[in-house]
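Participant: For reference, the sequence and a predicted model appear below.
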Amino acid sequence: MKVFAVGTIINPLTPEQQQQIMPKEVPDTLQLYLDGKIEQFWFRQDRPGVIFLMNVASVDEAKTAVSELPLSEGGFMTFELTPVGPLAPLARLIQKQA
């Protein structure tokens, strides 16, 4: 299943907090990528945060994965999780051949 995880910074980090947290946040995020749970990732352009396209078995699995990231655990970032799938109505455009 695919899940968009839209992360928003809700409590900006001080420079000292960045020095403490980011050395753990980056490798933990990359590990989710290497494990195949994060398929793609982007920085948000509208506000501080990230967007992950996740490949997981369930929304609960995505929730667990992002909630264990240091920024989430520390109360600095929250995630909105949205499951997505194929655009099913497009099938109507395909002519069935006999």
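Facilitator: Sure thing, it's come through.

Participant: which residues does residue 38 bridge with?
Facilitator: Note on residue 38: beta-bridge partners by DSSP bridges are residue 54.

Participant: what sits against it?
Facilitator: By CB atoms under 8 Å, 6 or more residues apart in numbering, the residues touching residue 38 are 29, 32, 52, 53, 54, 55. All C-beta atoms are positioned from the backbone trio N, CA, C, and that covers glycine.

Participant: those helices in this protein, which residues are they?
Facilitator: Using DSSP state H, the helices of the chain run over 15-34, 59-67, 70-73.

Participant: which one of the ones you listed is the most hemmed in?
Facilitator: helix 70-73 (a mean of 19; mean count of other CB atoms under 10 Å).

Participant: taking the mean pLDDT, what do you get for that helix?
Facilitator: The pLDDT scores in helix 70-73 average 98.

Participant: Please apply the same query to stretch 14-31.
Facilitator: The model assigns stretch 14-31 a mean pLDDT of 97.

Participant: Distance from the chain centre to it, please.
Facilitator: Here stretch 14-31 is found 16 Å from its chain centre; the criterion is CA atoms, centre = their mean, to the nearest Å.

Participant: for stretch 13-27, same thing?
Facilitator: Per CA atoms, centre = their mean, the centroid offset for stretch 13-27 relative to its chain is 18 Å.

Participant: Let's see that stretch as CSV, backbone CA atoms only.
Facilitator: C-alpha atoms of stretch 13-27 as CSV (Å, rounded to 0.1, in the frame of the first residue of the first chain):
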residue,chain,number,x,y,z
LEU,A,13,14.4,23.7,16.6
THR,A,14,17.0,25.9,18.2
PRO,A,15,20.5,25.7,16.7
GLU,A,16,21.5,23.6,19.8
GLN,A,17,18.5,21.2,19.3
GLN,A,18,19.4,20.9,15.6
GLN,A,19,23.0,19.8,16.5
GLN,A,20,21.6,17.2,18.9
ILE,A,21,18.7,15.8,16.8
MET,A,22,19.6,16.0,13.2
PRO,A,23,22.6,13.6,13.4
LYS,A,24,20.1,11.0,14.3
GLU,A,25,17.1,12.1,12.2
VAL,A,26,19.0,11.9,8.9
PRO,A,27,20.3,8.3,9.3
